[in-house]
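Here is a sequence with its predicted model. Questions after.
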Amino acid sequence: MVAAVRLNYQDELNPEQCRAVETINGPVLIVAGAGSGKTRVITYRISNMLAAGVPQSAILALTFTNKAAREMALRVRELVGRKLPSLVVSTFHAFGVRILREQIHRLGYRDNFSIYDTHDQMSLLRETAREIKFSLDNVDLYTTLTAFSRIKSGFTDWDDQTLPYQTLYNEYLSHMRLYNALDFDDLIQLPIRILSQFPEAAQEYRRRFRYILVDEFQDTSRQQYRFLHLLGAEHQNVCVVGDDDQSIYSWRGADYQNLMQFEADYPGLQEIKLERNYRSSDTILAAANGVIAHNTNRKGKNLWTGSNGGSPIELYHPEDERAEAGFICDRIKTLAIKEKLKYHDIGILIRTNNLARALEEGFLAEKIPYRMSGGESFFQRREIKDLISYMRLCANPDDDISLLRVMNTPRRGVGRKTLEVLQELARVQSIPLFSAMHAAAAAEDSPLSQRVRSDLAEFIKLIDGYRTRLLSGRRMAETLTALIAEIDYWAHLVSEHQRNDKVAKWRFRNIELFIDMVRAYETDPDNLDRGLFQFLNRITLQLRDDIEQDDDTGKVNLMTIHAAKGLEHEVVFVAGVEDGIIPHARAIEENEANIEEERRLFYVAITRARRKLYLTSCKRRKVMREVIECAPSPFLEEIPAELVQLSEIDVTVEQSEAADYFALMKAKFARSAT
């Protein structure tokens with residue numbers, strides 16, 4: 001047994017943070033305001049528990065993104081100075097997968113289940129609709145899946161709009177079960193079923209994880225809260241960390257009232273407020289406090305900082321969105337020249353993605369490098385999806401969605417008529433498509449031609465052969481390289497991009513990068529689970545996070561306010577602070593109570609700024625092809641007037657400063673050319 005290491009943290013933390021770190025036993029509610037050092041408190045708290053003798057295997061820390069989980073685990077390891085192989089720091093969904101991997105047989109599933117992402121679900125929905133002859137004309141598949149998810153999670157019930165889809169919903173669920181596939185809702189719901197229906201399984205996890213900590217608790221859904229309560233209600237050693245003022249995800253099921261529910265379910269809890277902000281200036285905090293104070297359903301808190309003053313908040317009323325982009329570009333260039341600010345220290349926040357176009361045009365025209373968050377994930381690129389589908393099919397031959405994707409990638413002559421025969425055989429015999437393919441290829445009286453049966457047999461041989469090699473758990477990267485060569489995927493890419501071989505080369509390079517990723521996964525000494533199933537499940541969970549990011553060094557960050565949650569920038573511009581945008585008209589139309597969440601969203605935007613905040617509110621804006629008159633957001637009136645100054649776009653730059661700047665740019669371009 002490794003001896004506990006004494007942790008010195010008193011000099012690093014303020015008194016409230018120290019209390020949060022030292023309160024180990026019993027239920028604890030840590031109300032952590034924006035910029036209050038929440039992550040530091042969490043990591044020190046876990047480290048202090050280990051130093052106090054709590055076994056690492058008894059601790060479960062849950063958060064919402066894989067990135068946050070990795071950073072938390074890394075910081076704890078750095079604090080204690082050793083590896084922690086038994087410490088579980090996980091997302092809710094990844095922890096659900098952990099339970100299902102061990103217990104899903106209790107619900108009648110096989111343990112080689114697949115996890116479908118949104119693209120897989122859409123493909124299955126189309127297939128299901130085609131089988132039951134349900135017309136999808138004028139149907140938005142994403143909206144339909146969202147409605148199904150809300151119904152499945154108990155967030156809403158059938159109504160006049162969704163009732164016509166009930167048959168499709170039931171058939172869709174039947175297909176999911178037939179294919180031994182799960183979606184993201186299942187990763188929470190099925191563990192809840194297991195913990196509720198099988199007391200011996202529940203007791204096993206309660207004994208194992210005697211100390212539970214939840215980050216970003218305000219973002220938990222009712223289902224996630226129930227999951228947590230089933231695990232922690234008995235031993236009561238549950239610590240939740242959150243801020244109801246930053247609850248902005250109700251549209252995806254988050255319920256900030258879980259904070260109040262936690263107080264009701266754990267009446268002996270200790271509440272600790274972290275109100276000292278280490279991020280923003282006094283001015284920015286005063287503005288944020290002035291806005292959020294207008295919400296009534298919140299826990300009272302008042303952020304403060306040890307520093308005094310700060311630059312006033314600048315408010316600009318441009319004529320339209322083009323003038324807005326011009327103002328922002330002008331200010332960015334001025335900050336870069338006069339204050340030597342790096343582009344990546346600047347954040348541009350918008351309420352919705354459709355506000356980005358004018359800003360992007362402005363950046364391009366002014367040659368300001370930028371990145372738009374939320375682009376296509378590496379794992380969503382077509383060639384990567386193809387390879388992942390081959391791996392999924394090898395892992396789970398019942399996965400019809402993956403089979404349908406790779407059956408003709410590259411083309412193998414399996415046409416529509418052949419596919420119809422196979423699907424009918426699968427339907428009649430209630431077997432997966434791959435089993436139907438086996439049967440059709442072997443049957444003497446098959447309605448398929450000898451050539452087609454031979455092609456199917458070759459495909460079956462390919463999948464069965466690589467299935468054995470991949471499931472062995474050894475040399476996956478080498479096996480995938482052989483698979484790519486055997487199916488001649490390069491020739492497939494060339495045929496797909498006959499007029500542009502650069503695209504084919506770029507896509508094949510992505511394949512090589514993916515195989516390098518598999519190789520790194522296999523050789524990572526800290527990775528105890530190196531099997532095919534574990535790798536595929538990890539990828540699917542990463543897809544949901546969309547953590548694949550390009551290098552943003554030297555680029556202005558353009559993103560929605562929702563995407564900015566958890567981030568911070570030296571300077572922040574919030575564009576489109578107009579009535580109907582912030583707060584968003586549609587959100588208010590759906591539910592008048594949404595005004596408080598819209599205010600929380602504006603509060604989050606304000607508190608992303610460290611030392612300087614700009615707000616822009618257009619007088620008119622082009623929406624579709626119509627120019628509409630705009631009114632400033634009512635939230636602007638909630639900022640104390642003495643904190644705001646009106647801005648004009650009349651910034652002048654001294655000639656010597658401009659000369660220095662252009663000399664710097666010239667030198668940079670000269671280096672790039674060599």
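Cool, the structure landed.

which residues make contact with stretch 599-606 from outside it?
Identification of contacts with stretch 599-606 by C-beta atoms under 8 Å, 6 or more residues apart in numbering yields 34, 245-248, 284, 287-288, 291-292, 294-295, 349, 351, 561-562, 564-565, 572, 574, 577, 582-583, 613, 633, 635, 638. All C-beta atoms are positioned from the backbone trio N, CA, C, and that covers glycine.

Mind checking which of the residues you listed are buried?
Buried subset of the contacts of stretch 599-606 (neighbour count, 16 or more other C-beta atoms under 10 Å): 34, 245-248, 284, 287-288, 291-292, 349, 351, 561-562, 564-565, 572, 574, 577, 582-583, 613, 633, 635, 638.

Which ones among those map onto helices?
284, 287-288, 291-292, 561-562, 564 (DSSP state H).

now the residues you listed in TSV, with pLDDT and distance to H438?
TSV is the format used below for these (pLDDT from 0 to 100; distance: C-beta to C-beta, whole Å):
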residue	pLDDT	distance to H438
I284	96	65
A287	96	66
A288	96	63
V291	97	63
I292	96	62
I561	95	52
H562	92	46
A564	91	51
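
of these, closest to R392?
H562 (30.0 Å; C-beta to C-beta).

any idea of the pLDDT on the nearest residue to the closest one once chain neighbours are set aside?
In space, and not counting its chain neighbours, H562 is closest to I248: 6.3 Å by C-beta to C-beta, 6 or more residues apart in numbering. I248 carries a pLDDT value of 90.

Touching, I248 and N594? I think so.
No - using C-beta atoms under 8 Å as the test, I248 is too far from N594 to be in contact (10.8 Å).

returning to what we had before: who touches the residue nearest to H562 in this structure?
Contacts of I248 (C-beta under 8 Å, 6+ apart): 254, 561-562, 565, 597, 600-601, 604.

at 7 Å instead, please
562, 565, 597, 600-601, 604 (C-beta atoms under 7 Å, 6 or more residues apart in numbering).

Of all pairs in those, which one is the farthest apart?
The widest separation within the contacts of I248 (C-beta to C-beta) is 12.8 Å, between K565 and E597.

quick one, longest strand in the protein?
Secondary structure of the chain per DSSP state E: the longest strand is strand 609-616.

That one pairs with which strands, parallel or anti?
strand 313-316 (parallel), strand 569-574 (parallel) (DSSP bridges).

if we can go back for a sec, can you tell me which member of the contacts of I248 has the lowest pLDDT score?
Across those, the bottom pLDDT score, 89, is held by K565.

Run through the residues that contact that one.
248, 604.

how near is it to T616?
21 Å (C-beta to C-beta, to the nearest Å).

Ramachandran coordinates for S135?
Here is the backbone geometry of S135 (degrees, to the nearest 10): phi -70, psi 130.

Now it. Nearest residue, chain neighbours left out?
That would be A129: by C-beta to C-beta, 6+ apart, it lies 7.4 Å from S135.

same question, L269
Distances taken as C-beta to C-beta, 6+ apart place P27 nearest to L269, at 3.9 Å, with adjacent residues excluded.

Near the one you found, how many other residues are there?
Neighbour count of P27, defined by other C-beta atoms under 10 Å: 23.

same deal with the one 3 residues further on?
Applying other C-beta under 10 Å, we find 29 other residues in the vicinity of I30.

In contact with it, which residues?
Going by C-beta under 7 Å, 6+ apart, the list of residues near I30 reads 20, 41, 239, 241, 272, 274.

now, the most widely separated pair of those residues?
The most distant members of the contacts of I30, if one measures by C-beta to C-beta, are C239 and L274, lying 12.9 Å apart.

who has more neighbours, the two?
Remark: of C239 and L274, C239 carries more neighbours, 28 against 25, as counted by other C-beta under 10 Å.

Distance of the residue lying closest to that one once chain neighbours are set aside relative to D215?
Distances taken as C-beta to C-beta, 6+ apart place V28 nearest to C239, at 4.2 Å, with adjacent residues excluded. The gap separating V28 from D215 is 13 Å, by C-beta to C-beta.

ok, back up a step: can you put the contacts of I248 in a markdown table and add distance to L513?
As requested, those are arranged in a markdown table below (distance: C-beta to C-beta, whole Å):
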| residue | distance to L513 |
| --- | --- |
| H562 | 29 |
| K565 | 29 |
| E597 | 39 |
| R600 | 39 |
| L601 | 36 |
| V604 | 34 |
